[in-house]
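[1] predicted model and sequence below, questions to follow.
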Amino acid sequence: MSIFRSDTSGQALAYRDFVQREERFVRAPYNPELEFYQAVVSGNLKKIKEMTKESFLAKKEGWGTLSANPVQNVKYHFAITAAVIARYCINAGMDLHVAYNLSDYYISAADRCHTPEEIASLHTPLCLDYTRRMKELIKQNVCSQPVVKCIDYIYDHLHTRITLTQLSEIAGLSPSYLSRLFQKETGQSVSSYICEQKINTARNMLLFSSYSSAEIAAILAFPSQSYFSGTFKKKTGMTPSDYRLHGRRCEETLL
């Protein structure tokens with residue numbers, strides 16, 4: 001079924017497919033980890049729940065052997081994962097002591113385990129704990145409930161055309177008041193914020209999926225492919241095709 005439909009159901013399915021389809025694309029070993037850590041620091045609980053349904057600690061291929069003891073080997077890899085997540089979250093604004101205390105807690109819990117399966121069972125709680133805290137941290141920086149509701153709605157409906165009128169109804173405020181409040185608390189206009197989130201999603205789709213620029217433009221409800229390409233270049237300095245070729249190197253440099 002083509003994603004270019006007159007209604008938004010096809011786009012919704014395509015967008016959900018991107019967010020939830022970890023197993024459907026073959027990638028270089030580093031790419032899923034980069035996408036995973038980005039999801040944690042952005043507070044994306046929905047995506048992390050999908051990505052941790054089956055813990056990679058239990059049977060990840062291509063791992064180095066850090067210990068001849070299978071249990072100790074998984075413990076080492078769990079400790080590395082916890083440490084890396086902590087550092088990503090610190091870089092994204094989490095309090096250093098909170099991040100390290102969480103890391104210490106889960107590493108200590110893993111150290112008391114006796115089988116690889118027991119250790120692997122800690123992976124999802126670890127990831128969700130950090131992700132929830134990052135989500136709350138992001139919301140705290142925004143402050144008011146009306147704006148938080150709008151941000152939640154924007155994130156969940158990036159595959160649709162989102163209007164100020166829709167958001168004002170969700171927030172229970174007049175469009176003009178919501179516009180001023182949103183600008184005050186986020187430092188961006190509503191339209192600018194929506195555009196930024198769509199472009200950020202498009203960046204990930206270009207790096208981590210096989211969708212064409214035309215498909216991404218339709219999935220994220222841009223008026224046209226040319227409008228999407230122009231907006232993307234304005235925001236990133238590159239066309240979508242150039243970003244697909246060179247963007248991964250840029251992302252890794254930034255991280």
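    Structure received. Numbers count the residues shown, from 1 in each chain.
[2] relative to residue 35, how far out is residue 86?
    18 Å (C-beta to C-beta, to the nearest Å). Every C-beta, even on glycine, is put in place using the N, C-alpha and C of the backbone.
[3] who's more crowded, these two?
    Between residue 86 and residue 35, counted using other C-beta atoms under 10 Å, the more crowded position is residue 86 (23 against 17).
[4] got the CA coordinates for the helix or strand in which that one is found in PDB?
    Taking DSSP states H and E as the definition, residue 86 sits inside helix 70-91. Taking Å, rounded to 0.1, in the frame of the first residue of the first chain, the C-alpha atoms of helix 70-91 are listed here in PDB:
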ATOM      1  CA  PRO A  70      30.200 -16.000  30.600                       C
ATOM      2  CA  VAL A  71      28.500 -14.400  33.600                       C
ATOM      3  CA  GLN A  72      31.400 -12.100  34.200                       C
ATOM      4  CA  ASN A  73      31.500 -11.200  30.500                       C
ATOM      5  CA  VAL A  74      27.900 -10.000  30.500                       C
ATOM      6  CA  LYS A  75      28.500  -8.100  33.800                       C
ATOM      7  CA  TYR A  76      31.300  -6.200  32.200                       C
ATOM      8  CA  HIS A  77      29.200  -5.300  29.200                       C
ATOM      9  CA  PHE A  78      26.300  -4.300  31.400                       C
ATOM     10  CA  ALA A  79      28.600  -2.000  33.400                       C
ATOM     11  CA  ILE A  80      29.900  -0.400  30.200                       C
ATOM     12  CA  THR A  81      26.300   0.200  29.000                       C
ATOM     13  CA  ALA A  82      25.300   1.800  32.300                       C
ATOM     14  CA  ALA A  83      28.400   4.000  32.300                       C
ATOM     15  CA  VAL A  84      27.800   5.200  28.700                       C
ATOM     16  CA  ILE A  85      24.100   5.900  29.300                       C
ATOM     17  CA  ALA A  86      25.100   7.900  32.400                       C
ATOM     18  CA  ARG A  87      27.500  10.000  30.400                       C
ATOM     19  CA  TYR A  88      25.100  10.700  27.600                       C
ATOM     20  CA  CYS A  89      22.500  11.800  30.200                       C
ATOM     21  CA  ILE A  90      25.000  14.100  32.000                       C
ATOM     22  CA  ASN A  91      25.900  15.700  28.600                       C
END
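[5] list the buried residues in that helix.
    71, 73-79, 81-82, 85-90 (16 or more other C-beta atoms under 10 Å).
[6] over to stretch 137-146?
    Neighbour counts over stretch 137-146 (16+ other C-beta under 10 Å) mark 137-139, 146 as buried.
[7] swap in stretch 116-136?
    116, 119-124, 126-127, 130-131, 133-135.
[8] contacts only, for residue 44.
    131, 135, 155 (C-beta atoms under 8 Å, 6 or more residues apart in numbering).
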